[in-house]
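In: Whatever this is, show me its structure:
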Amino acid sequence: AQPGMLAFEWLGWQVEMRTSLAVALLVVLALLLLFVDRLFRGLLGLPAWFGRNLARRRTESGHRALALGLMAVSAGEPDEARHQASRAQRLLAAPQLTDLLSAQAAHLSGDHQAADRYFTSLTLDKDTAFLGHLGLARLALEKDNSDAALAAARVALDIRPKSAMAARQVMILEAERGNWAAALPALSVVMAAGDTDDETGIVLSRQNAALSYLEALNDSLGSDTSLRRRARIGKAQDALAALPGFWPAALLLADLHEQAGSSKKAVKPLETAFRNMPHELLATRLRNLWGVNEGTAVGRLMRLIPDDVALAAEGRCVVTAFALENGLVGEARRLINEINPVMRDAAAWRLVARLAAAGEAPDSVAENDALREAGEAPRPRCWQCTSCQLVHEAWQPHCGGCAGLATLDWRRPDGITPLISSAD
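Out: The predicted structure is shown next:
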């Protein structure tokens, strides 16, 4: 095949070439034009590329400063936290994050004025207002301004009605004022949040029982006598439902039923409380309500002894003391002998000593031996703070040592000396 020829005349020039060469030249020319176009576009977009790259590097540096600042806050390093917060403020266009870090850093370094300013700025944004009000509540507490702290915590709870953190703060602050009715709904929010371990669940139950009991003590509930009493009975029942062994609530509930003229209804909560936590006051009240003689009362009390081995020993000790106080010495000896010596606490051994000294032939040797055992035996139950271990003579809503809410528990204070007690 003969190769084709291409001929054309341009500006007085006669050009002839092979067709294949013309095609090759066209391809080269197209590639050259494409290269020039890409080069031109690249030169035009170079400033934008530099800007994007610089912005990316600033954002990465800002996020790194934010992360380092948060780690410094967690580690308790105020200087480093403030330095990284300043870098994050300068590099990041995210005021919610940077203001929060700045507030935490200022608070950590003790600059409450700056922290207040930053937390206040967080309240202006709907996405961070909750955290801002919580921060302001914490600052107010540190300044001993409980009124401002409660106001800020309440606003935070209004923003997030299901927040356990805000509700817990409201509950504690309202309880400090004695506003039990206002503290109970906040506690309900905390309990509804769930996700609590066994220990936290016990604490919440104790707080629920305490607040309900305190509300039951309040005789201003309702608008008339009958309505007021019904409301108080309901709160006392709530306290026992939360903590069946909380015997002060059982005594109060029995009082309220008696005031309403229903002695039979007063018996049941006392019997239930005795099964859960035997106590001498419960035994005495039950005997009065039963209206029976001392011997019959002892028999009925024995039927209420708990099945738990440790509580059964305590229950027998209570019934023994009841029998001895009412002159039933023989019955008291029988009951105390049913308690395994290993399970006897100091109160039980003191009863043994009293029984040894009683009767027509006192045994001083047995009495002394029992008193010596009492000095080495576990102490009987008392009201002790679960936080600071301070022992109290009577139950009260706040610990006299650490001011903890509902931290007093009726328990055996093993390892605590009698010298450590409340000054109340």
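
In: For Trp180, give its distance to Asp255.
Out: In this view, Trp180 and Asp255 are 18 Å apart by Cβ to Cβ, to the nearest Å. C-beta coordinates here come from the backbone N, C-alpha and C atoms, glycine included.

In: typo on my end, Asn326
Out: 23 Å.

In: Next up, the contacts around Val329.
Out: Each residue near Val329 by Cβ atoms under 8 Å, 6 or more residues apart in numbering is listed here: 323, 355, 358-359.

In: Can you add secondary structure and pLDDT and give those back as JSON lines?
Out: What follows is the contacts of Val329, written out as JSON lines (DSSP: H, G, I helix; E, B strand; the rest coil; pLDDT from 0 to 100):
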{"residue": "Ala323", "secondary structure": "helix", "pLDDT": "94"}
{"residue": "Leu355", "secondary structure": "helix", "pLDDT": "92"}
{"residue": "Ala358", "secondary structure": "coil", "pLDDT": "85"}
{"residue": "Gly359", "secondary structure": "coil", "pLDDT": "74"}
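
In: Now, of the residues you listed, which are buried?
Out: When these are checked for burial by 16 or more other Cβ atoms under 10 Å, the buried set is 323, 355, 358.

In: What is the least confident helix or strand in the protein?
Out: helix 95-108 (a mean of 74; mean pLDDT, DSSP states H and E).

In: chain center to the following helix or strand past that one: distance?
Out: Going down the chain from helix 95-108, the next helix or strand is helix 112-123, by DSSP states H and E. Put simply, helix 112-123 sits 26 Å off its chain's centre (Cα atoms, centre = their mean, to the nearest Å).

In: With stretch 396-416 instead?
Out: 16 Å.

In: which residues touch it?
Out: 171-172, 175-176, 203, 206-207, 209-211, 214, 245-247, 277, 345, 378-392, 395, 422-424.

In: so can I have CSV of the buried ones among the contacts of Val329 showing distance to Gly51?
Out: Shown next, in CSV, are the buried ones among the contacts of Val329 (distance: Cβ to Cβ, whole Å):
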residue, distance to Gly51
Ala323, 93
Leu355, 95
Ala358, 99
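
In: how about the strands of this protein, start to end?
Out: 5-10, 13-18, 382-385, 391-392, 408-411 (DSSP state E).

In: Pick the most buried one from these.
Out: strand 382-385 (a mean of 21; mean count of other Cβ atoms under 10 Å).

In: With just CA atoms, put that one into CSV.
Out: Provided in CSV are the C-alpha atoms of strand 382-385 (Å, rounded to 0.1, in the frame of the first residue of the first chain):
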residue,chain,number,x,y,z
CYS,A,382,-24.9,1.3,115.9
TRP,A,383,-25.4,4.2,113.6
GLN,A,384,-22.1,4.6,111.7
CYS,A,385,-21.2,6.7,108.7
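
In: helices and strands around it, which ones?
Out: strand 391-392, strand 408-411 (3 or more Cβ pairs under 8 Å, 6 or more residues apart in numbering; DSSP states H and E).

In: Return the list of strands paired to it, each annotated with direction.
Out: Strand pairing for strand 382-385, using DSSP bridges, gives strand 391-392 (antiparallel), strand 408-411 (antiparallel).

In: Point out where the stretch 51-200 of the chain drops to low pLDDT.
Out: 70, 73-76, 96-97, 195-196 (pLDDT under 70).

In: can you count the residues close to Ala347?
Out: 19 (other Cβ atoms under 10 Å).

In: Might you report the residue contacts of it?
Out: 317, 321, 374, 380.

In: mind running it again at 10 Å?
Out: 280, 314, 317-318, 320-321, 374, 377-381 (Cβ atoms under 10 Å, 6 or more residues apart in numbering).

In: Go through the residues you listed and say which is closest to Phe119.
Out: Nearest to Phe119 among the contacts of Ala347 is Arg381, at 45.2 Å by Cβ to Cβ.

In: Can you give me the pLDDT of that closest one?
Out: pLDDT for Arg381: 91.

In: I figured it hits Ala313, correct?
Out: No - with contacts counted by Cβ atoms under 10 Å, Arg381 stays clear of Ala313, the gap being 11.8 Å.
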